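Peer 1: Next come a sequence and a model predicted from it.
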Amino acid sequence: MPVNGASAKPMFHGPRGTINTDATFLTNTKEDPPDTFNPPVNILAFPILQSIGESSDQSSASVFVQEFTDAKGTHKGPMVGVASTSCTKIVWGMSTSNCFASGLKFIIFF
């Protein structure tokens with residue numbers, strides 16, 4: 001399949017994170033909505049951890065796909081990426097522990 005395009009955009013509007021605790025952030029809010037596609041698209045999509053600002057020696061961050069929807073239904077994660085021939089929605093996620101981080105959502109369209 002030929003590549004018809006690609007997109008790399010920030011996962012959230014600014015870094016997300018915590019100090020002295022853990023948290024998970026999802027793109028399922030008004031400020032940070034999921035990616036939706038109408039009509040459905042053929043894609044390969046995966047998150048990239050762009051930056052991490054440590055606040056302690058025990059800092060960590062990870063990015064993932066929390067869920068995606070295609071012609072076969074909604075698939076729950078977390079998972080490392082999505083390959084779909086009929087994707088209509090992707091919810092992205094990031095977990096942080098004692099740090100602030102930012103991620104990218106990278107999508108290749110076929």
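Peer 2: Alright, I've got the coordinates.
Peer 1: Who does the lengthiest strand in the chain pair with, and is each partner parallel or antiparallel?
Peer 2: Counting residues, the longest strand found in the chain (DSSP state E) is strand 35-54. Strand 35-54 pairs in its sheet with strand 82-97 (antiparallel), strand 99-109 (antiparallel), by DSSP bridges.
Peer 1: mind putting the ones you listed in CSV, mean pLDDT and distance to Gly5 included?
Peer 2: (C-beta placed from N, C-alpha, C; glycine too.) Shown next, in CSV, are those (pLDDT from 0 to 100; distance: least, C-beta to C-beta, whole Å):
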stretch, mean pLDDT, distance to Gly5
strand 82-97, 97, 14
strand 99-109, 97, 4
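Peer 1: could you redo those as JSON lines and give each row distance to Lys76 and mean neighbour count?
Peer 2: Formatted as JSON lines, the strands paired with strand 35-54 follow (distance: least, C-beta to C-beta, whole Å; neighbours: other C-beta atoms under 10 Å):
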{"stretch": "strand 82-97", "distance to Lys76": "9", "mean neighbour count": "20"}
{"stretch": "strand 99-109", "distance to Lys76": "18", "mean neighbour count": "20"}
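Peer 1: so which of these gets nearest Pro39?
Peer 2: strand 82-97 (8.3 Å; C-beta to C-beta).
Peer 1: so how far is that closest one off the chain centroid?
Peer 2: 5 Å (C-alpha atoms, centre = their mean, to the nearest Å).
Peer 1: again, but for stretch 23-41
Peer 2: Computed by C-alpha atoms, centre = their mean, the chain-centroid distance of stretch 23-41 equals 8 Å.
Peer 1: quick one: contacts of that stretch?
Peer 2: By C-beta atoms under 8 Å, 6 or more residues apart in numbering, the residues outside stretch 23-41 that reach it are 11-13, 16-17, 43, 66, 70-71, 84, 86-96, 105, 107, 109.
Peer 1: List the buried residues in the longest strand of the chain.
Peer 2: 35, 37, 41-47, 52 (16 or more other C-beta atoms under 10 Å).
Peer 1: likewise stretch 57-73?
Peer 2: Under the neighbour-count criterion of 16+ other C-beta under 10 Å, stretch 57-73 has 59, 61-70 buried.
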